[in-house]
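Engineer: I'll drop the sequence and a predicted model, then ask my questions.
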Amino acid sequence: MKIECIKEHLEEALNKSSKIAGKNTTLPVLTGLYFNAHQNSLSIKATNLDLGISINLPIKVIEPGNVVIPAQIISSFISSLTKDRNISISTKGQILEVKTPTTKTNIKTLPGEDFPVIPELDDDKIFLLQARDLVFGLKSVIYAAAIGSMKPELSSILITHNEEFLIFTATDSFRLAEKKIRTKKAPNFKQILLPQKNAIEVIRIFDRGDEEISIAVEEHQIAMRSGNTYLTSRIVDGNFPDYKQIIPKKIKTKAVALKQDLINSLKTTMIFSDNFNQLTLSLFPKAKRFEIESKNANVGESTQSIDAVLEGEDLSININHRYFTDCFQSISTDSVSLEFEGQARPVIVRGVGDTSFLYLVMPMNQS
């Protein structure tokens, strides 16, 4: 193999693909990137058997061929070339030779015959979605998914749809986030359970894109194609909790406050929270008083008063401040509504006037 390419184009492709290469030392080939040069195109592939990526670059092919290169080595090396724009890459036996106007480097290659095939899904089953909508939907809920859960469905993002919306949902059983993204056409799948760690990579790879993504779904795989990038991910076979039944139906107490006022007050009260991250929300609508209180036997205590419009019954509820504050990143409106059905029921958090996002926080045991 012998090729010539532009450094910045190669570097961008390596940055996307190298982080997907596996860390599995029992299968060394998974730690590499598969380069295949043919017909003035370079295909760069990586997989960890859970995720797979293929990126095609236009290049000058002098001699076609293929090779597997250690992902971290080639990615770090190309990124370090700050002065060079043109790169020549060739293979000599088990060595990859990289030349630029200022450097010549040899890198040992990996055996390539066992590199796994990245599955190609049926393009007849695709639906189209703007990259920014996919990324926005995932970002809006991903923090609510469980990390390393024994239940794979809780460590996943649920993607479903109705006639108007694509619906992204995540829960770790302590809180739940749901985001609706309007679609022009309903997709043809029933549901997708995308592993949380794979969703992180989907966000990273497509975050800056403004183009459409072609998405195909089969029984155990989802594939996404945009521009020169093709990404596949395993999807979880499981049953996501029937969360609709836990959404409070009868609201007894409600508060509307400025989001920034809440954030500022929480920054203070969190300093004094205990080892369980507990804080207390106390609402007294008749007295027009809304307070956030935290106590720590080793540090002290703090009570913050919040300007808010209150209605309904008096109520006091304990919640985990980390779960409570996570959702504000997904709320774009200036004002936030907090809705309560009772002390033992979840708190509903929404942006005022925004019906596309719903967040639930389970209460902690009352002390």
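Structural biologist: Yes, it's here. This is a predicted model, so every value here is computed, not measured.

Engineer: endpoint to endpoint, stretch 112-120 covers what distance?
Structural biologist: One end of stretch 112-120 sits 20 Å from the other (CA to CA, to the nearest Å).

Engineer: so what does the helix or strand of the chain with the lowest mean pLDDT touch, helix or strand wise?
Structural biologist: For the chain, using mean pLDDT, DSSP states H and E, the weakest element among its helices and strands is strand 127-130, scoring a mean of 90. Judged by 3 or more CB pairs under 8 Å, 6 or more residues apart in numbering; DSSP states H and E, strand 127-130 is in contact with strand 212-217. Glycine gets a C-beta too; all of them are placed from N, C-alpha and C.

Engineer: CA atoms only: put stretch 92-106 into CSV for me.
Structural biologist: Extracted as CSV, the C-alpha positions of stretch 92-106 are listed here (Å, rounded to 0.1, in the frame of the first residue of the first chain):
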residue,chain,number,x,y,z
LYS,A,92,7.1,-2.4,3.8
GLY,A,93,6.4,-5.9,5.2
GLN,A,94,5.2,-5.5,8.7
ILE,A,95,6.2,-1.8,8.9
LEU,A,96,4.1,1.3,8.1
GLU,A,97,6.3,4.1,6.9
VAL,A,98,4.9,7.7,7.3
LYS,A,99,6.7,10.5,5.6
THR,A,100,6.2,14.3,5.7
PRO,A,101,8.5,17.1,4.5
THR,A,102,10.0,17.2,8.1
THR,A,103,9.8,13.7,9.5
LYS,A,104,10.1,10.0,8.6
THR,A,105,8.5,7.4,11.0
ASN,A,106,8.2,3.7,11.1
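
Engineer: got the contact list for it?
Structural biologist: Contacts with stretch 92-106, where a contact means CB atoms under 8 Å, 6 or more residues apart in numbering, come from 7, 67, 69, 74, 77-78, 81, 83-84, 86-91, 107-109.

Engineer: equivalent analysis for stretch 208-217, please.
Structural biologist: Applying CB under 8 Å, 6+ apart, the set of residues contacting stretch 208-217 from outside is 121-123, 125-132, 134-135, 187-189, 192, 206, 222-227, 235.

Engineer: just those: which are in helices?
Structural biologist: Here DSSP state H is the test, and the contacts of stretch 208-217 give Ala131, Arg132, Leu134, Val135, Phe206 as lying in helices.

Engineer: among the residues you listed, name the buried ones.
Structural biologist: Buried members of the ones in helices among the contacts of stretch 208-217, scored by 16 or more other CB atoms under 10 Å, are Ala131, Arg132, Leu134, Val135, Phe206.

Engineer: so the residue nearest to the second one when sequence neighbours are not counted, which state does it fall into?
Structural biologist: Nearest residue to Arg132 in three dimensions, chain neighbours excluded: Asp210, at 6.4 Å (CB to CB, 6 or more residues apart in numbering). Under DSSP: H, G, I helix; E, B strand; the rest coil, Asp210 falls in the coil class.

Engineer: now Asp210, what are its backbone angles?
Structural biologist: phi -110, psi 0 (degrees, to the nearest 10).

Engineer: how close does it get to Gln130?
Structural biologist: 8 Å (CB to CB, to the nearest Å).

Engineer: same question, Arg204
Structural biologist: According to CB to CB, Arg204 and Gln130 sit 17 Å apart.
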